[in-house]
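Undergrad: Structure for this input, please:
(chains A and B)
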Protein chains: 2
Amino acid sequence: MTARLSPQQLSEKHRPTLDRALETIRTRAYWSPHPEHPKAYGESAPADGLAAFRALRGTRFELDQPGTDGWTGGEVSPYGPALEIEYPHADPDVLLPAMRAGMAAWRDAGPETRALVCLEILARISSRTHEFAHAVMHTSGQAFMMAFQAGGPHAQDRGLEAVAYAYAEQTRTPGAADWSKPQGKRDPLRLRKSFVAAPRGVSLLIGCNTFPTWNGYPGLFASLATGNAVLVKPHPRAVLPLAMTVRAAREALAEAGFDANLVALAVERPGEGIAASLALRPEIRIVDYTGSTAFGDWLETHARQAVVHTEKAGVNTVVVDSTDDYKGMLANLAFSLSLYSGQMCTTPQNLLIPRDGITTDAGEKSYDEVVADLAAAVDGLLGDDARANGLLGALVNPDVKARLEAAADFGDVALASREITHPDFPEAVVRTPALVKADGARKVWEKSGESEGAGGGAEVPYLSECFGPVSFAVAVDSTRDALDLLRRTIREKGAMTVGAYTTSPETERALEEVCLEEPAQLSLNLTGGVYVNQTAAFSDFHGTGGNPAANATLCDAAFVANRFRMVEVRRPE
Amino acid sequence: MTARLSPQQLSEKHRPTLDRALETIRTRAYWSPHPEHPKAYGESAPADGLAAFRALRGTRFELDQPGTDGWTGGEVSPYGPALEIEYPHADPDVLLPAMRAGMAAWRDAGPETRALVCLEILARISSRTHEFAHAVMHTSGQAFMMAFQAGGPHAQDRGLEAVAYAYAEQTRTPGAADWSKPQGKRDPLRLRKSFVAAPRGVSLLIGCNTFPTWNGYPGLFASLATGNAVLVKPHPRAVLPLAMTVRAAREALAEAGFDANLVALAVERPGEGIAASLALRPEIRIVDYTGSTAFGDWLETHARQAVVHTEKAGVNTVVVDSTDDYKGMLANLAFSLSLYSGQMCTTPQNLLIPRDGITTDAGEKSYDEVVADLAAAVDGLLGDDARANGLLGALVNPDVKARLEAAADFGDVALASREITHPDFPEAVVRTPALVKADGARKVWEKSGESEGAGGGAEVPYLSECFGPVSFAVAVDSTRDALDLLRRTIREKGAMTVGAYTTSPETERALEEVCLEEPAQLSLNLTGGVYVNQTAAFSDFHGTGGNPAANATLCDAAFVANRFRMVEVRRPE
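TA: Below you'll find the model as predicted:
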């Protein structure tokens, strides 16, 4: 194989970006090398991207992978059309050994070259952000602008962040050391030691339906940058964005002189369920997973030959205690509940509001007033259909629609969901979020979890994840009760995010204490253009990895440090 | 509580040591602040230490812990005498909540203060190294000098190393950051973010019989330095060294103004087996364990509410291919096999020697010659009883003795074990190591592991860990076979160490490749005063955490980074 991309070219092109990323994960300041604005990608990029996406439809997505034993694929856009793309189906007995073949050279290349090749992959993905945006939109159901930003630059940022952490972690130990131990009057003991970051093996990425790139890139790039091969198993409804990612990775690897099979795709036939069997293969030594709690727990328990990173379900809470910007709070919450129809793992589900009302800059507001004002804020935000379509996107699958339609079973509906027609995609299922009133009296939830199935937590609907556009306005007897319910919810159900509004320093301190003890990430008094459901790479951590919603965070040292092992060879000098 | 040790005092006393430790884990050079020579501790230290140890015998070891519901303890020294020390037995329903009570203040103290208090604990332990040496000797069976060095300064080094890693990891993220995201012509989005290292909860240390302090300190100090409370559950045969450690920790914590209950002891009644029930308690969020593979695997599978670090059984191999220092090789191996009667997790078990012999600086040596010369080297090393007693120590428990006595069942005994009388402790079971010849033909081991219990690996004695002074001189058909058997052994059985002797660069490279791929730590051509079974803190990694012998290494970032979670609080500026 002849490398068309030399190490020097890679270094000139990408080392400054890597250095900036390394600096930013230390300062946690704002930075991104990937523009958020569609216009930043050039005048012809929008049309080119759309054309490239359209050209993929109705074709076979060739990857030239070993062990391809057929073709499969049946993605249907949440906006209506079937994508009609077929992907290679892999025989793991052939593909996995082929993936291992290139690992020694990839390992020997060292952390810097690996990081730079990863940045080259990201640069190729970035240059096709418009095409990726359409692919993400038509698999996740995200509206175009969100698919563009979250599926493009924000996902690329998270991938780059993982590369930076991986590089930093591997280079904390020097490549070699001279060790000389004094022995009094005798000669010192001397050893020459070498240290090599050795990969664990093949890493398995199990992708999700809603954020195939954003949730997939951290694990993919963390494993690749630490010397592992990566097998990408996309969600059957969201194959295309990850197939395009795999293709970009294979091309960049080959051009840099490495084995393209270091990254490969495994797509399942309908109902085949290959994730479980792949995850137990002895070659698979790392798993990254985003999805249901049941399968995440199964992976953690059974894939014992692997290091398993999971992001599972959670129940996100916003504590509403008081505010000095009532309008800002309502607007901020309305946006958070509406964005992508609440289909984010970070969307608030439970708004804990004191039954006796709250103090605001607009006067005292009763529980009913807060709920009505929030409902009105959502209505206002989504009153215009074009704007609503741009914010909501489409429901990703029939399960979400079914849950939304059952919302009235959970309690009084304070804000009913409304159907929106999409001008371009009449088949798209677009719905505004529903807000349900719920009783947060201590006696309702205090026994939750103690006897599920026998009158315990299973009967409190707001204490289970209701993924999609259903939120609960939970009337609590006091802010103290809200804090206790918050603590119980995080501890038992997990939380990717916690939000809170308060003007009381004591309440603020108590909220921080709950989030430190459980632990969960806390956003306080967001009233402007930052929302509780959004995190920024290089600065914000996504989840904590310390409560049941996830066993890892994006991105910290723990997320990368166990993907490789430091192998020492020592010999007399 | 009034702090008698102010932060300033702690900083003046310990910050330079912490800085030096932080520097050394980056350079991997030689360094230790804890002297190895017994004389370095002052003229009266030996007598004082012995007197202090003797004064403990026949007493109750008071710790003033909450939830003490009785007294227990039945340690008998491997050298003969019963220690007759009683320890508090704890009710976990009382003790565990009490341990949590001081965690918020310990967390709020921050990484630096926690590190400095840990160094104060280590300094107090260090000042009593002679006393600890007797405690380790009379629980592990180590000879005095080894108990002194491995149980004292080397264990303290490993504890300090863990503190340094913990400090480095917690301070990689700043305490606060200002985040400002440009919005074109509009005002930038601004957030103030704070980041706090939040502990997981109570950490459980499950101690081992052979190296209670050396194997216990890394987990104990890594968890304490990252803000967790630590419950110490010693092996019932080796309570005293960890009880003394807990006492030192409680005293230092209290004097620095923290809750003494952040470190506590849990000793079991005979046959009570509390490790399993403690490990499943919801309060326990971290487990550190050294011991059998069966219980280690059980912990990894069942203690799912916790992050579990295990060091389990392994089969350590030395590949003997060729040497340019035959005498040095024999002397080095003889010492490695003899030290602490092979009761180290790092002692070589299988010496793979080509059936057709090896090339050496003393001419070609047949397999039988190598085996005979090694047996003679062991005999020579241990010919003098005083020297033998000083190297071997006592067998730690009857299981080891039983395995040694069964050595002849495994094959031809090339070197029989010899009984040695200890001049001071006639009841001590002191034995020289046995060397058994074994057939390493490929057909013998190739099917191993494929059908255990049905003619597979279970019948190849050298492919199971035979903990204690039994090693196998395995006759292989070629060095290539040796490499394949090495790979299979590491992959299926795990290995804490791999050693090799070769003058061939190709063989050296092939050995490195096996150790990089499996992964395992490799010592090449050791012929002087460094032995394959010894590792030095700050420079050598103990195990890799990448093969079945252990899921963690001492000490790297992965060992500390998941003991705390970074909790972020963000708010508008």
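Undergrad: Please report how far A:E518 lies from B:M496.
TA: For A:E518, the distance to B:M496 (Cβ to Cβ, to the nearest Å) stands at 36 Å. (Each C-beta comes from the backbone N, C-alpha and C, glycine too.)
Undergrad: scratch that, A:Y340
TA: 49 Å.
Undergrad: Check A:L22 too.
TA: From A:L22 across to B:M496, the span is 33 Å (Cβ to Cβ).
Undergrad: between the two, who's got more neighbours?
TA: Neighbours were counted for A:L22 and for B:M496 using other Cβ atoms under 10 Å in any protein chain shown; B:M496 has more, 26 against 17.
Undergrad: Tell me how far the more buried one lies from chain A.
TA: Using Cβ to the nearest Cβ, to the nearest Å, B:M496 is found at 12 Å from chain A.
Undergrad: Now that residue: phi and psi?
TA: phi -80, psi -30 (degrees, to the nearest 10).
Undergrad: Spit out the contact partners of it.
TA: B:311, B:314, B:316, B:345-346, B:521, B:542-543, B:549-550 (Cβ atoms under 8 Å, 6 or more residues apart in numbering or on different chains).
Undergrad: That one and B:C345: what is the separation?
TA: Taken as Cβ to Cβ, the span from B:M496 to B:C345 is 5 Å.
Undergrad: Over to A:D399?
TA: Between A:D399 and B:C345 the distance is 50 Å, computed by Cβ to Cβ.
Undergrad: Among those two, which residue is more densely surrounded?
TA: Set A:D399 next to B:C345 and count neighbours by other Cβ under 10 Å: B:C345 wins out with 26 against 12.
Undergrad: Contact partners for that one?
TA: Contact analysis of B:C345 by Cβ under 8 Å, 6+ apart lists B:210, B:290, B:311, B:313-314, B:496, B:549.
Undergrad: okay, these in JSON lines with pLDDT and distance to A:L351 next?
TA: As requested, these are exported to JSON lines (pLDDT from 0 to 100; distance: Cβ to Cβ, whole Å):
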{"residue": "B:T210", "pLDDT": "97", "distance to A:L351": "56"}
{"residue": "B:T290", "pLDDT": "97", "distance to A:L351": "48"}
{"residue": "B:E311", "pLDDT": "97", "distance to A:L351": "47"}
{"residue": "B:A313", "pLDDT": "91", "distance to A:L351": "53"}
{"residue": "B:G314", "pLDDT": "95", "distance to A:L351": "53"}
{"residue": "B:M496", "pLDDT": "98", "distance to A:L351": "53"}
{"residue": "B:A549", "pLDDT": "97", "distance to A:L351": "50"}
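Undergrad: Out of those, list just those in strands.
TA: With strands taken from DSSP state E, the overlap with the contacts of B:C345 comprises B:290, B:311.
Undergrad: Would you point out the most distant pair within the contacts of B:C345?
TA: Distances among these were taken as Cβ to Cβ; the most separated pair is B:T210 and B:A549, at 14.8 Å.
Undergrad: what does the stretch 301-450 of chain A put close to chain B?
TA: A:301, A:304 (Cβ under 8 Å from any Cβ of the partner chain).
Undergrad: can you map out the strands along the stretch 301-450 of chain A?
TA: Using DSSP state E, counting those that start in this stretch, the strands found in the stretch 301-450 of chain A span residues A:307-311, A:317-320, A:322-323, A:350-354, A:358-360, A:363-365, A:413-415, A:419-420, A:430-431, A:434-439.
Undergrad: quick one: which of these is nearest B:V94?
TA: Of those, the one closest to B:V94 (Cβ to Cβ) turns out to be strand A:317-320, at 31.4 Å.
Undergrad: Endpoints of stretch A:378-398, how far apart?
TA: In stretch A:378-398, first residue to last residue: 23 Å (Cα to Cα, to the nearest Å).
Undergrad: So which bits of it are buried?
TA: A:378, A:381-382, A:388-389, A:391-397 (16 or more other Cβ atoms under 10 Å in any protein chain shown).
Undergrad: and which of those is nearest B:E131?
TA: A:V396 (65.2 Å).
Undergrad: Can you tell me the closest non-neighbouring residue to A:L95?
TA: A:G67 (3.8 Å; Cβ to Cβ, 6 or more residues apart in numbering or on different chains).
Undergrad: Go ahead and confirm that neighbour touches A:H89.
TA: No. Proximity of A:G67 to A:H89 does not meet the contact threshold set by Cβ atoms under 8 Å, at 9.2 Å.
Undergrad: Can you give me the separation between the residue positioned nearest the centre of chain A and A:G543?
TA: In chain A, the C-alpha nearest the mean C-alpha coordinate belongs to A:N215, at 2.9 Å (Cα atoms, centre = their mean). With distances taken as Cβ to Cβ, A:N215 is found 11 Å from A:G543.
Undergrad: now the strands for the stretch 101-250 of chain A?
TA: With DSSP E, counting those that start in this stretch as the criterion, the stretch 101-250 of chain A has strands at A:176-183, A:186-199, A:202-206, A:229-233.
Undergrad: Surely A:P348 touches A:Y501?
TA: No. The pair A:P348 and A:Y501 does not pass the contact test of Cβ under 8 Å, sitting 11.4 Å apart.
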